[in-house]
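Novice: can't give you the sequence, but here's the structure:
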C-alpha cells in the first residue's frame, strides 16, 4: 500500500492545481453570454500580490483517504486500525496544505481612477496582458466580479 501513497498524493496535488484559477484570461462558463457593465479608468499604480490558495476540502479529503489506506497496511489488525486513523488525520492535513499551495497564484493590485474622479482598487491574477501605470483600461463587471483589461486604442472606441 505504501508504494501507492506517494503517487496518489502527487496526482491529487497536480489535479487540484489545475482546478482553480482567478486569471483574467479565463472566463467562467456562467459568465459567458452575459451582459457586463463596463467603465473606463486609468491605472494610477500597480503592485504585485499573492492570491492565497483555496481550501475547498478536496485536498483534505483526498489526503485523508490516501493516508488512511497507507496507514491501515501497517502492522497487525489493531495496529493497522490505529495507524490508519493517524494516517488519515496526517493525510488530511498534508492534503489541505498541498491544495492551498497548489492553487496559490501571483496577482496584481491595480489602483484605478475612474472618469468621474472616483478611485477603485481591483486585485486579479496576473494575466497575459501587461498593464502599467498611466494605461487606459476598462473595468468589466459581471456577477459581482470585476476584471481589468487594456482599453482599445482611441480610434477604435
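Specialist: Looks like it came in fine. Note that this is a predicted model, so its numbers are computed, not measured.

Novice: so where do the strands sit in the protein?
Specialist: For the chain, the strands defined by DSSP state E cover 37-51, 105-114, 119-125, 136-142, 145-150.

Novice: can you give the domain ranges for this structure?
Specialist: 1-22+55-102, 35-52+105-157 (automatic domain parsing).

Novice: which stretches of this protein form helices?
Specialist: Along the chain, counting by DSSP state H, helices occupy 2-19, 58-72, 77-102.

Novice: among these, which gets the worst mean confidence?
Specialist: Set side by side, those give their lowest mean pLDDT on helix 2-19, at a mean of 49.

Novice: buried set for stretch 82-93?
Specialist: If you call a residue buried by 16 or more other CB atoms under 10 Å, then stretch 82-93 has these buried ones: 83, 84, 87, 88, 89, 90, 91, 92. Glycine gets a C-beta too; all of them are placed from N, C-alpha and C.

Novice: hang on, the fourth one packs against residue 65?
Specialist: Yes. Between residue 88 and residue 65 there is a contact under CB atoms under 8 Å: 7.4 Å.

Novice: re the thing from before, redo the strands of the chain as TSV? Include mean neighbour count and mean pLDDT.
Specialist: Formatted as TSV, those follow (neighbours: other CB atoms under 10 Å; pLDDT from 0 to 100):
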stretch	mean neighbour count	mean pLDDT
strand 37-51	14	90
strand 105-114	17	90
strand 119-125	15	90
strand 136-142	17	92
strand 145-150	18	90
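
Novice: any chance of CSV for these, columns distance to residue 74?
Specialist: Converted to CSV, the strands of the chain look like this (distance: least, CB to CB, whole Å):
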stretch, distance to residue 74
strand 37-51, 38
strand 105-114, 37
strand 119-125, 42
strand 136-142, 51
strand 145-150, 47
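
Novice: among those, which is nearest residue 26?
Specialist: Nearest of those to residue 26, taken as CB to CB: strand 119-125 at 8.6 Å.

Novice: same for that closest one, what does it pack against?
Specialist: With contacts taken as 3 or more CB pairs under 8 Å, 6 or more residues apart in numbering; DSSP states H and E, strand 119-125 sits against strand 37-51, strand 105-114, strand 145-150.
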